[in-house]
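> This is a predicted model, with the sequence first.
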Amino acid sequence: MATPKKIAIFSLRILLGALMLYAGVTKVFDPSWSAAGYLQNAKTFHSFYEFMSSDAILPIINIVNSWGLTLLGISLLSGMFIKVASYLGAGLMFLYYFPVLEFPYIPGAHAFIVDEHIIYAACLILLGIFDAGKIWGLDQINSKIIAGFGRDAEEIKKDVESIGSGLDLIGEHMIITDPDGMILYANRAVQENTGFSLEEVIGKSPGILWGGNMPKEFYKSMWHTLKDNKKLFIGEVKNKKKNGEEYWQQLIIIPVLDPVGKIRFFIGIEPDITERKKMEAGMKKGFHSFKDFNNFILNDQVELSHLKDRIEELKCKLAN
């Protein structure tokens, strides 16, 4: 769009914004203001506007009227949510228009069908059509942010798909999550090890599905290492399958960073170590049993030594 057109649309947005904001604020801060008189004297759709002026509905109408204009003014001045605000504002202008219309004239305004409310509505619709908030407004910033997220999401999706095609060939439990820990990809081993189908795990958190069985300090340390230090995390974690069966996994999580050091996603490799943990528990138990037996032997040896000393003492006494 050429610069003169941009300047024209921007100027229209600012002028209308100032007008609407002032109209709304003066109503908000005037405790005596009410739309009752305006509604009760409606020339067109009298029954409808009389209903809106009833004691039950009027307080709501007053709030919508005063705050609606105020928020419309703020939206136009800031250039934020212009499409929605403009069309809603145009609807509000038409609601102002009909009470003063005595078709086809506007009594007291020396106007034929068209008055200022119709002009305001037309200008607001024009601002919505041209998406005026993207012309030196906050909607321009929002659109760039959203577009950035969209591009980033597409790039991550492509990266995950390219990595995932190779991970399906690996027999170990492997997942890829976004920076918030939501699963973007899981290989077939995940389904075999946990009992959850691939459809059940995508978009979910491992902590909700099969994790969450370790002390809070464990997860606090894990996320500190991954998100704050952005380093590899290695640990051992007790998880629970879909059928409730508990099992142990070696937890290896790798943060993947973009060129500026921002986390793009995490790759988690989680081989099953349940049998190893059972073996370690058995060896530990055996070690304690051996230690107890050794202590028993040592105690017996001490007692035998004392017994030998007593026997020698007894021999000496008998010899005397």
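Received it, and whenever you're ready, just let me know what you need.
> got the residue ranges for the helices in this structure?
3-28, 36-40, 46-52, 58-78, 82-100, 116-129, 138-167, 188-194, 198-201, 206-209, 216-223, 274-319 (DSSP state H).
> Return the set of buried residues in the fourth one.
The reference is to helix 58-78. Across helix 58-78, burial judged by 16 or more other C-beta atoms under 10 Å covers 58, 61-62, 65-66, 68-78. For glycine as for every other residue, the C-beta is placed from the backbone atoms N, C-alpha and C.
> One more: the fifth one?
Neighbour counts using 16+ other C-beta under 10 Å place 82-83, 85-90, 92-93, 95-100 of helix 82-100 among the buried residues.
> now do the third one
For helix 46-52, the buried set under the neighbour-count rule, 16+ other C-beta under 10 Å, comprises 49, 52.
> Please name every helix or strand in contact with that helix.
Using 3 or more C-beta pairs under 8 Å, 6 or more residues apart in numbering; DSSP states H and E, the elements in contact with helix 46-52 are helix 36-40.
> which helices and strands does the helix it packs on pack with?
Judged by 3+ C-beta pairs under 8 Å, 6+ apart, helix 36-40 is in contact with helix 46-52, helix 58-78.
> what does it rub up against?
Residues from elsewhere that reach helix 36-40 (C-beta atoms under 8 Å, 6 or more residues apart in numbering): 49, 50, 52, 53, 58, 61, 99.
> ok, the residues you listed vs residue 281, which is closest?
Among the contacts of helix 36-40, residue 61 lies closest to residue 281 (C-beta to C-beta), at 72.6 Å.
> I'd like the distance between that closest one and residue 35.
For residue 61, the distance to residue 35 equals 5 Å [C-beta to C-beta, to the nearest Å].
> Which neighbours do the two have in common?
residue 53.
> Nearest to residue 183 among the contacts of helix 36-40?
residue 61 (48.9 Å).
> thinking residue 123 is in contact with residue 15, fair?
No - assessed by C-beta atoms under 8 Å, residue 123 is found out of contact with residue 15, at 9.0 Å.
> out of these two, which sits in the busier spot?
Legend: neighbour count by other C-beta atoms under 10 Å for residue 123 and residue 15, higher for residue 123 (19 against 13).
> Mind pulling the model confidence for the more buried one?
What the model reports as pLDDT for residue 123 is 96.
> try residue 109
66.
> Next, the contact list for residue 205, please.
181, 182, 183, 211.
> Buried by neighbour count, from the residues you listed: which ones?
Buried among these by 16+ other C-beta under 10 Å: 181, 183, 211.
> how does the chain divide into domains?
3-136, 146-272 (automatic domain parsing).
> mean pLDDT for those: which is lowest?
Among the domains of the chain, domain 146-272 scores lowest, with a mean of 84.
> related to what we said a few turns ago, looking at the helices and strands packed on helix 36-40, spot the one closest to residue 22.
Nearest of the helices and strands packed on helix 36-40 (C-beta to C-beta): helix 58-78, 7.2 Å.
> Can I get the closest one in PDB, CA atoms only?
The C-alpha trace of helix 58-78 is given here as PDB (Å, rounded to 0.1, in the frame of the first residue of the first chain):
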ATOM      1  CA  LEU A  58     -31.100  -0.600  31.200                       C
ATOM      2  CA  PRO A  59     -28.100  -1.000  33.600                       C
ATOM      3  CA  ILE A  60     -26.600  -3.500  31.100                       C
ATOM      4  CA  ILE A  61     -27.200  -1.100  28.200                       C
ATOM      5  CA  ASN A  62     -25.600   1.700  30.000                       C
ATOM      6  CA  ILE A  63     -22.400  -0.300  30.700                       C
ATOM      7  CA  VAL A  64     -22.200  -1.700  27.200                       C
ATOM      8  CA  ASN A  65     -22.800   1.800  25.800                       C
ATOM      9  CA  SER A  66     -20.200   3.700  27.900                       C
ATOM     10  CA  TRP A  67     -17.500   1.000  28.100                       C
ATOM     11  CA  GLY A  68     -18.100  -0.100  24.500                       C
ATOM     12  CA  LEU A  69     -17.300   3.400  23.200                       C
ATOM     13  CA  THR A  70     -14.300   3.600  25.600                       C
ATOM     14  CA  LEU A  71     -12.800   0.300  24.500                       C
ATOM     15  CA  LEU A  72     -13.500   1.000  20.900                       C
ATOM     16  CA  GLY A  73     -11.600   4.300  21.200                       C
ATOM     17  CA  ILE A  74      -8.600   2.500  22.900                       C
ATOM     18  CA  SER A  75      -8.600  -0.200  20.200                       C
ATOM     19  CA  LEU A  76      -8.600   2.400  17.400                       C
ATOM     20  CA  LEU A  77      -5.900   4.600  19.000                       C
ATOM     21  CA  SER A  78      -3.600   1.600  19.800                       C
END
